[in-house]
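Q: quick check, what structure comes out for this input:
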Amino acid sequence: NADSGKGAQFALLHQVFYFIARCLHLLNYFECEVWMVTERRLYQRVPVQVSAIVTTEDGVRINVVAVDVSSDGLGVECNTKQRNIITPGGSFVRDGKPVAVFVDLNLPGTDESAAKIAARCHVVFSRRLSSDQCKIGLRYVDIENDGHERLVHFIDKMIRDMHQIN
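A: All right, here's what the predicted structure looks like:
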């Protein structure tokens with residue numbers, strides 16, 4: 001019967017396409033995992049305890065503590081009230097776009113002119129650490145002047161210092 005033959009061909013074709021789609025999905029998953037591991041290695045974070053100022057899109061300036069920095073971004077800690085001003089309700093997406101902030105950071109152990117880093121950032125995560133303490137992850141979008149070079153120099157020095165201690 002010709003109809004049953006076409007039905008069997010269609011079923012086989014459907015299985016082949018499903019198999020290909022699953023393979024592409026898995027390939028994409030593994031590609032993303034490799035990218036994430038690679039990104040983590042490229043952008044090693046170093047622990048710090050540095051005061052910073054986050055300025056929201058609305059111009060509100062908030063004093064926070066930078067707890068880690070990398071050449072790609074930084075983590076800041078603040079209280080829940082401050083977090084709700086920076087990321088209303090902990091949401092780091094507004095109108096389908098990442099929440100943007102401006103960060104002023106003074107790195108320790110450098111001369112006065114080299115210490116200041118000013119950057120426009122996107123919020124990449126916001127999580128509660130305790131009932132009144134939160135951490136916000138920021139990724140640099142644009143760093144003013146030669147701030148990125150100074151930041152990389154600071155991170156390299158911190159990593160060298162950590163290895164000398166160990």
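
Q: every contact and neighbour count from this point should use C-alpha atoms.
A: Fine.

Q: which residues of this structure score low on pLDDT?
A: 1-5, 14, 17-18, 21-43, 110-114, 165-166 (pLDDT under 70).

Q: which residues in it form helices?
A: Secondary structure of the chain (DSSP state H): helices located at 2-42, 80-86, 112-115, 147-165.

Q: packing partners for the last one?
A: To tie it back to what came earlier, the one meant is helix 147-165. With contacts defined as 3 or more Cα pairs under 8 Å, 6 or more residues apart in numbering; DSSP states H and E, helix 147-165 has these neighbours: strand 46-55, helix 112-115, strand 116-130.

Q: using CSV, write out the CA atom coordinates for it.
A: What follows is helix 147-165, C-alpha atoms only, in CSV (Å, rounded to 0.1, in the frame of the first residue of the first chain):
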residue,chain,number,x,y,z
GLY,A,147,41.2,52.4,33.4
HIS,A,148,41.2,48.9,31.8
GLU,A,149,45.0,48.8,31.7
ARG,A,150,45.3,50.0,35.3
LEU,A,151,42.7,47.3,36.3
VAL,A,152,44.6,44.5,34.5
HIS,A,153,47.9,45.7,36.1
PHE,A,154,46.2,45.7,39.6
ILE,A,155,44.8,42.2,39.0
ASP,A,156,48.1,40.8,37.8
LYS,A,157,49.9,42.3,40.9
MET,A,158,47.2,40.8,43.2
ILE,A,159,47.6,37.4,41.6
ARG,A,160,51.4,37.5,41.8
ASP,A,161,51.1,38.5,45.5
MET,A,162,48.7,35.6,46.2
HIS,A,163,51.1,33.1,44.6
GLN,A,164,54.0,34.5,46.7
ILE,A,165,52.1,34.0,49.9
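
Q: mind listing what's buried in it?
A: Judged by neighbour count (16 or more other Cα atoms under 10 Å), helix 147-165 contains these buried residues: G147, H148, R150, L151, V152, F154, I155, D156, M158.

Q: quick one, it and strand 116-130 angle?
A: Per axes from the mean of the first three to the mean of the last three Cα atoms, to 10 degrees, the angle that helix 147-165 makes with strand 116-130 is 60 degrees.
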